[in-house]
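>>> structure for this input, please:
(one chain, ligands or ions: 1)
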Amino acid sequence: MDPTSVPWSSMVFGLLGLALLWQVHRLLVRLWWQPRRLERALRAQGVRGTSYRFLTGDLKDYGRLSKEAWARPLPLRCHDIAPRVAPFVHRTIAEHGKACLSWFGPIPKVTIADAEIAKDVLSNKMGHFEKLNFPVLSKLLADGVANYEGEKWAKHRRILNPAFHLEKLKLMLPAFSACCEELVGRWAASLGSDGSNEIDVWPEMQSLTGDVISRTAFGSSYLEGRRIFQLQAEQQELFMGAIQKISIPGYMSLPTKNNRRMYQIKNEVESIIRDLVQKRMQAMKDGERTKDDLLGILLESSMRHADENGHSGPGMTIEEVMEECKVFYFAGMETTAILLTWTMVVLSMHPEWQHRAREEVLSLFQKNKLDYEGLSKLKTVTMILYEVLRLYPPGIGFVRQTYKEMEIGGVKYPAGVMIELPLLFIHHDPDIWGSDVNEFKPERFAEGISRASNDYGAFFPFGWGPRICMGQNFALLEAKIALCMILQRFEFELAPSYTHAPHIVLMLRPMHGAPIKLRAI
Ligand code: HEM
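You can find the predicted model right below:
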């Protein structure tokens, strides 16, 4: 044996050994030393909560409690939904108080169920509380303004703003109305000889909001828009299924049937949108007037931005416009469908409010006719929508993370802490809303949002601060039009098969759908 080869091989093994030790060291830091260090720092400041358990943290308890709670439906007319929807957070707050620590695997999560502090976190303009980034979600479903941070986010938000301006939304009224007309027309045609029918309104509302986005985003290219809606809806369902298995390392890159379908959908959606955007850009270059739809307004605003900022601030690229179009579907479809579904469920549970809402609609509009002036006078309907958004907010909370030390509510949060703002619990807090917190009482909003509780601004279903929902006017207009048309034509009550089981798949869905019995009036 050549004696010089011995030191070489020892060196290689030595280096490999060192690399291995380095990896083990890094893992231990991430999974053991860092969680312990952060836990000590938080506990030293009086934050109470669960203790860190290696690797999984509280994930097992979270899964077990959710499974138990989701197995039991709630009694009809019970609006005390937080313990069923989010049993782990409910237990942690009950045991450790309104600012409490738990563990998302090795990551410390502080839940802050205090409206003032929550709004301080959401108001932070410097981006010190970042949104969580889910790379797979942004790759497959939508990236764009809802996911970006910093300058890039600010630019997109400026360009998108004009598209959601109330004056522009007014111009989209015929598009909103056409979709709602189609829905109530379909329902009317389905009624039996006794003038009634049972319909699961949950998929119906998903289809309605998908239709509305397709028509308002792409105007006359509405059919392509509808195809995008179907694909995005399928993508969302596949994604929700896959997310349950995300703890399996590399699961999203495995060539499973579901994963292959998701990438196929992503490519098809992008190719349809690219085509639509390119055609519209060409038409604009040829001097055609911009359509009054979201895509047209967005492209016009992007060009204006480029003109005003020259080389220092070009408008959006085609890829970026495409992402924003996907955001319209992702952010605007399910949220508003959930609002409309819970509104129909709750109005079925409380026929006295259904009656009051219908009286108001009939007094403001001629039979089956709507106009913008009348919509802006709807007081009872608005109060009802707010109360539904309070009790059943489509997004039940916000999550942010610190990337550097931040002091908030007297606590210094080190970098690397998740901050959860549990909107659902703030909306159901008797200290804020009173002992009747779990009752459906739209009259609490009779003098506006700020007078509805003893804490000005404890109601924020659309978020707060710089990242507040861009589409809130859009969503409320859509919900009002749909509700008015339904109330004008039908009376409704819960079907005997209805089970009251609100639960979470990213958002607050009805677990077993929402079968409702309609009767023509
Ligand atoms: C009832 C219906 C809706 C609810 C409850 C809702 C709720 C929210 C909330 C809570 C946020 C902030 C999320 C955070 O800060 O982490 C948000 C953001 C957003 N929403 Fe909505 N939304 C609704 C409808 C819509 C519609 C119809 C659209 C558009 C068509 C839309 C577009 C957006 C966008 C683009 C953002 C991101 C804004 C940013 O990050 O700057 N939303 N929404």
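>>> where does the stretch 1-150 of the chain dip in pLDDT?
1-6, 125-127 (pLDDT under 70).
>>> and it, which residues reach the ligand?
Residues of the stretch 1-150 of the chain lying near the ligand by CB under 6 Å from any ligand atom: 131, 145-146. The way it works is simple: take the backbone N, C-alpha and C, and place the C-beta from them, glycine included.
>>> before we move on, what about the stretch 351-500 of the chain?
Within the stretch 351-500 of the chain, the positions near the ligand by CB under 6 Å from any ligand atom are 394-395, 398, 461-463, 467, 469-471, 474-475.
>>> identify the residue nearest residue 507 in space, chain neighbours excluded?
residue 394 (5.0 Å; CB to CB, 6 or more residues apart in numbering).
>>> is it true that that neighbour touches residue 332?
No: contact criterion CB atoms under 8 Å: residue 394 and residue 332 do not qualify, at 10.9 Å.
>>> re the thing from before, just send the residues of the stretch 1-150 of the chain next to the ligand back as JSON lines, with secondary structure, distance to residue 13 and neighbour count too.
Putting those into JSON lines (DSSP: H, G, I helix; E, B strand; the rest coil; distance: CB to CB, whole Å; neighbours: other CB atoms under 10 Å) gives the following:
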{"residue": "131", "secondary structure": "strand", "distance to residue 13": "45", "neighbour count": "16"}
{"residue": "145", "secondary structure": "helix", "distance to residue 13": "52", "neighbour count": "22"}
{"residue": "146", "secondary structure": "helix", "distance to residue 13": "49", "neighbour count": "19"}
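>>> taking the protein, what residue is nearest to the ligand?
residue 471 (2.1 Å; CB to the nearest ligand atom).
>>> ok, residue 130 to residue 418 distance?
10 Å (CB to CB, to the nearest Å).
>>> which residues do the two both contact?
Counting by CB atoms under 8 Å, 6 or more residues apart in numbering, the contacts common to residue 130 and residue 418 are 400-401.
>>> who's more crowded, the two?
Taking other CB atoms under 10 Å, residue 130 and residue 418 do not tie; residue 418 has more neighbours (18 against 14).
>>> I figured that one was touching residue 107, is that so?
Yes: assessed by CB under 8 Å, residue 418 is found in contact with residue 107 at 5.5 Å.
>>> closest to residue 152 out of the residues of the stretch 351-500 of the chain next to the ligand?
residue 467 (13.4 Å; CB to CB).
>>> mind listing the helices for the stretch 51-200 of the chain?
59-70, 82-85, 87-96, 115-123, 135-140, 150-160, 166-171, 173-189 (DSSP state H, counting those that start in this stretch).
>>> wait, which of the ones you listed is closest to residue 324?
Taking CB to CB, helix 150-160 is the member of these nearest to residue 324, at 6.5 Å.
>>> give the contact list for the residue of the chain closest to the ligand.
If you count contacts by CB under 8 Å, 6+ apart, residue 471 has them with 164, 331-332, 335.
>>> before we move on, the earlier item: which of the helices of the stretch 51-200 of the chain is buried the deepest?
Neighbour counts (mean count of other CB atoms under 10 Å) averaged over each of the helices of the stretch 51-200 of the chain peak at helix 82-85, with a mean of 20.
>>> how many other residues sit next to residue 25?
Using other CB under 10 Å, residue 25 has 11 other residues around it.
>>> so how far is residue 141 from it?
According to CB to CB, residue 25 stands 36 Å off from residue 141.
>>> gap between the residue of the chain closest to the ligand and residue 108?
32 Å.
>>> can you check residue 274 too?
Relative to residue 108, and taking CB to CB, residue 274 is found at 42 Å.
>>> leaving out chain neighbours, which residue sits closest to residue 387?
residue 442 (4.1 Å).
>>> can you tell me which of the residues of the stretch 351-500 of the chain next to the ligand is nearest residue 9?
residue 398 (55.4 Å).
>>> residues contacting the closest residue to the closest one other than its chain neighbours?
The shortest distance from residue 398 to any non-neighbouring residue, by CB to CB, 6+ apart, is to residue 421 (4.4 Å). Residues counted as contacts of residue 421 (CB under 8 Å, 6+ apart) are 111-112, 118, 121-122, 397-400.
>>> could you check the pLDDT of residue 421?
pLDDT, residue 421: 97.
>>> next: the one 10 residues further on.
Looking at residue 431, its pLDDT stands at 96.
>>> can you report how many residues lie near it?
The number of residues near residue 431, taken as other CB under 10 Å, comes to 16.
>>> from residue 389, how far out is it?
20 Å.
>>> tell me which of the helices of the stretch 51-200 of the chain sits nearest to residue 301.
So among these, helix 150-160 is nearest, using CB to CB, at 4.9 Å.
>>> in the chain, which helix is the longest?
helix 318-349 (DSSP state H).
>>> ok, it near the ligand or not?
Yes: for helix 318-349 and the ligand, the contact criterion (CB under 6 Å from any ligand atom) is met by 327-328, 331-332, 335-336, 339.
>>> want to try JSON lines for the residues you listed, with neighbour count as columns?
Shown next, in JSON lines, are these (neighbours: other CB atoms under 10 Å):
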{"residue": "327", "neighbour count": "21"}
{"residue": "328", "neighbour count": "28"}
{"residue": "331", "neighbour count": "21"}
{"residue": "332", "neighbour count": "23"}
{"residue": "335", "neighbour count": "22"}
{"residue": "336", "neighbour count": "26"}
{"residue": "339", "neighbour count": "26"}
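>>> pick the one among these closest to residue 86.
Using CB to CB, those come closest to residue 86 at residue 335, 17.9 Å.
>>> how about low-confidence regions in the stretch 201-350 of the chain?
246-249, 310-313.
>>> wait, residue 390 sits on residue 461?
Yes: using CB under 8 Å, residue 390 is in contact with residue 461, at 7.2 Å.
>>> so what sits against both of those two?
By CB under 8 Å, 6+ apart, the residues touching both residue 390 and residue 461 are residue 427.
>>> which one's more surrounded, the two?
residue 390 (27 against 22).
>>> got the contact list for the more buried one?
427, 433, 452, 459, 461.
>>> got phi/psi on it?
Phi and psi for residue 390, reported as degrees, to the nearest 10, are phi -70, psi -50.
>>> pretty sure residue 348 contacts residue 493?
Yes: in this structure residue 348 lies within contact range of residue 493 using CB under 8 Å: 5.0 Å.
>>> between the two, which one's more packed in?
residue 348 (22 against 16).
>>> for that one, give me its contacts.
354, 492-494, 498, 516 are the contacts of residue 348 under CB under 8 Å, 6+ apart.
>>> and with 6 Å instead?
492-494, 516 (CB atoms under 6 Å, 6 or more residues apart in numbering).
>>> strands along the stretch 351-500 of the chain, start to end?
In the stretch 351-500 of the chain, the strands defined using DSSP state E, counting those that start in this stretch lie at 398-402, 406-408, 411-413, 418-421, 490-494.
>>> now do the stretch 1-150 of the chain
Under DSSP E, counting those that start in this stretch, the stretch 1-150 of the chain gives strands at 48-49, 99-104, 107-112, 129-131.
>>> ok, residues contacting the second one?
Residues lying outside strand 99-104 but in contact with it, judged by CB under 6 Å, 6+ apart, are 42, 47, 49-50, 52, 57-58, 92-93, 109-112, 418.
>>> export the contacts of residue 348 to CSV and tack on pLDDT?
Putting the contacts of residue 348 into CSV (pLDDT from 0 to 100) gives the following:
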residue, pLDDT
492, 98
493, 98
494, 98
516, 98
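>>> name the helix or strand for the closest residue to residue 329 other than its chain neighbours, please.
Of all residues not flanking residue 329 in the chain, residue 232 sits nearest, at 4.3 Å (CB to CB, 6+ apart). Assigned by DSSP states H and E, residue 232 falls within helix 222-243.
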